[in-house]
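S.K.: can't give you the sequence, but here's the structure:
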């Protein structure tokens, strides 16, 4: 390897890391207390599968199956494990989650720097710059990417750690591949090959869009390591890229689409656009993304955008020009791969990494965090151009050299201030959706989300007012928006315990869209809360039949059978729920309790003990262990569990829990007649004050 390929100065990478760390911490310093938003609830705060209480192998494995919609199915295990570790350390305190997100962003920025530095050692680029020049370009490219306001959604939106981790491990994969290609010995190549392979697995385990990495590595090989002046090489590597893409699609369809390559098309049934309309609309969105990346004013960034769906190539008129511009840019990337490898790679990398989320899969049309990975190398050509200008004017006009260098620093500061300002909107649910309501005035979602915010705050009348304002845009609302109105109004009535009105609103929503699972779930919950067990049973049967038999539905079906005094009929449903969520608290407890209610005390004890090991000091689990032991005639064992219970909970707290539990329609009622006397006797045996618990004993 030539001398110019060696690092210019041993400290250079560490200086670059320190500067990137300083910039990112400075401009994200106001984000560490930003609240939970949108899907954070379904994936984290409301997802008990990641609420890890002990660092046991079973608990860790359970986080791998923490899908918010499909229990029993492995879902983004790497990202979910990090959420679970956050929960284990700080529960729902947002600060720890933001610290991890910002840390991942720092590491990714530094990796981008290292990757570009090493690409300047590749055969196509090693003659362009001495290492010092390559370091400056790499640092500037990484810094421009890291402080650009377009990244704020990915960093601030806690659940988008999935996108952050996918990008980080994806970049690790590229970095290790480049190191492998530059390595001098076979043993080092083997090490880099192994690290690349694990990086790829970790990236896909964070988010599925990382599956495109093998195709990108073909691009890296073709642009930076092969002689594209040879027609044979160009044909071989373009063919290899296409073939790898097809292979990735087939493997992806096997693992992510249940073996059916067109499985995803079912998702269009619940979208206000068709497959054709999405394909025509996305080029306009891609062009808009590019405008946001290179002109990232905070006023142009939002969690919600008013997007007109393209119904033809000419409606709206920007559809055809946008398609033409996207094709032109891709054409430039392909045609300039030999002459301008840096620009070509940045362009092609951007479009390749939008291939999964911005084409045929029926996701929502636009989200800014989808640019986090695709934009990684877009600032490399800009940094390269600034360095060329500085080099030119250093020799010819020193004043211009100083001006251009100052411009680069000023650009970083301006972008960073834009990021700091944009972070302010993410501070609370209220600030985020008020900002969105101003920027997307034709969208009902901001008003619906503000309604949800005020509903959580207990201001139900104000919540209803925002719902009605969103619903007043009926001419802009697809069916889904109308369904959300009736659903959310139903939830307001649920909170007011006006169950009949709630049930009527949910039924109206289902008349509009019968297959809207969330609405049927809410209807089911309202029926359970109002003790309408027969009708609740019918609704849960529909959910189990029409949807994947989620452990949540199976647990509710079993609960209904227990409430209808048929615990034997509940056992098969709880067993199926446990099979689909083997580490879930509710599945373990319900199955154990149902067995106990049928007289299978020894089997019940095994499952309840397993639940206790996974969720230690849980009052409900300990109470059921006590009750099951008493029913089985094992008073000594019951006493041991009572000691654990009384060590953890005060008498007042335990009394409060028992009263609350007895009124909870979503859990199997325990026997107060059996438990309260046993608790009182245990306390009396210990010589403690028992006034409160004694009153409960007398009540029973």
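M.R.: Arrived safely, thanks for sending. All values derive from a computational prediction rather than experimental measurement.

S.K.: tell me the contacts of the residue nearest the centre of the chain?
M.R.: The residue lying closest to the centre of the chain (Cα atoms, centre = their mean) is residue 159, at 3.7 Å. By Cβ atoms under 8 Å, 6 or more residues apart in numbering, the contact list for residue 159 reads 38-40, 43-44. Glycine gets a C-beta too; all of them are placed from N, C-alpha and C.

S.K.: Give me the below-cutoff pLDDT ranges for the stretch 451-600 of the chain.
M.R.: The model of the stretch 451-600 of the chain has pLDDT under 70 over residues 474-478, 547-549.

S.K.: again, only using 80
M.R.: 473-481, 546-550, 581 (pLDDT under 80).

S.K.: Strands along that one, start to end?
M.R.: With DSSP state E, counting those that start in this stretch as the criterion, the stretch 451-600 of the chain has no strands.

S.K.: hang on, the earlier thing: in PyMOL, how would I select just the buried ones from the contacts of residue 159?
M.R.: Filtering the contacts of residue 159 down to the buried ones (16 or more other Cβ atoms under 10 Å) takes a single PyMOL command:
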select buried, resi 38+40+43+44
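
S.K.: mind putting the contacts of residue 159 in JSON lines, secondary structure, pLDDT and distance to residue 603 included?
M.R.: Listed next are the contacts of residue 159 as JSON lines, based on DSSP: H, G, I helix; E, B strand; the rest coil; pLDDT from 0 to 100; distance: Cβ to Cβ, whole Å:
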{"residue": "38", "secondary structure": "coil", "pLDDT": "89", "distance to residue 603": "42"}
{"residue": "39", "secondary structure": "coil", "pLDDT": "90", "distance to residue 603": "38"}
{"residue": "40", "secondary structure": "helix", "pLDDT": "91", "distance to residue 603": "38"}
{"residue": "43", "secondary structure": "helix", "pLDDT": "91", "distance to residue 603": "34"}
{"residue": "44", "secondary structure": "helix", "pLDDT": "93", "distance to residue 603": "34"}
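
S.K.: quick one: residue 668 and residue 591 touch, right?
M.R.: No. The criterion here is Cβ atoms under 8 Å, and residue 668 misses it with residue 591 at 10.8 Å.

S.K.: According to the record, where do the domains of this protein fall?
M.R.: Domain ranges of the chain: 14-36+92-418, 444-542, per automatic domain parsing.

S.K.: Hmm, residue 418 is touching residue 299, no?
M.R.: No. In this structure residue 418 lies outside contact range of residue 299 using Cβ under 8 Å: 9.6 Å.

S.K.: Pick out whichever of residue 668 and residue 591 has more residues nearby.
M.R.: Set residue 668 next to residue 591 and count neighbours by other Cβ atoms under 10 Å: residue 591 wins out with 27 against 21.

S.K.: In this structure the more buried one contacts residue 572, no?
M.R.: No. With contacts counted by Cβ under 8 Å, residue 591 stays clear of residue 572, the gap being 10.1 Å.

S.K.: lowest-pLDDT helix or strand in the chain?
M.R.: Ranking every helix and strand in the chain by mean pLDDT, DSSP states H and E puts helix 691-699 at the bottom, with a mean of 51.

S.K.: In stretch 582-601, which residues are buried?
M.R.: The neighbour-count check on stretch 582-601 (16+ other Cβ under 10 Å) flags 582-597, 600-601 as buried.

S.K.: Give me the distance from it to the chain's centre.
M.R.: Once both centres are worked out by Cα atoms, centre = their mean, to the nearest Å, stretch 582-601 turns out to sit 31 Å from its chain's centre.

S.K.: and what of stretch 62-74?
M.R.: That offset, for stretch 62-74, works out to 13 Å (Cα atoms, centre = their mean).

S.K.: I'd like the mean pLDDT over that stretch, please.
M.R.: Averaged across stretch 62-74, pLDDT comes to 78.

S.K.: List of residues touching it?
M.R.: For stretch 62-74, with Cβ under 8 Å, 6+ apart as the criterion, the contacting residues are 39, 42-43, 46-47, 49-50, 52, 75, 77, 80-81, 83-84, 548, 550-552, 577, 579-584, 614.

S.K.: Now restrict these to buried residues only.
M.R.: Applying a neighbour-count criterion of 16+ other Cβ under 10 Å, the buried members of the contacts of stretch 62-74 are 43, 47, 49-50, 52, 75, 77, 80-81, 83-84, 550-552, 577, 580-584, 614.

S.K.: returning to that earlier point: need the contacts of residue 159 in TSV with distance to residue 376, can you?
M.R.: Converted to TSV, the contacts of residue 159 look like this (distance: Cβ to Cβ, whole Å):
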residue	distance to residue 376
38	24
39	23
40	25
43	24
44	26
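
S.K.: which of the contacts of residue 159 lies closest to residue 422?
M.R.: Nearest to residue 422 among these: residue 38, at 16.5 Å, using Cβ to Cβ.

S.K.: can you pull the buried residues of whichever strand or helix holds residue 654?
M.R.: Residue 654 belongs to helix 651-662 when assigned by DSSP states H and E. The neighbour-count check on helix 651-662 (16+ other Cβ under 10 Å) flags 651, 654-655, 658, 661 as buried.
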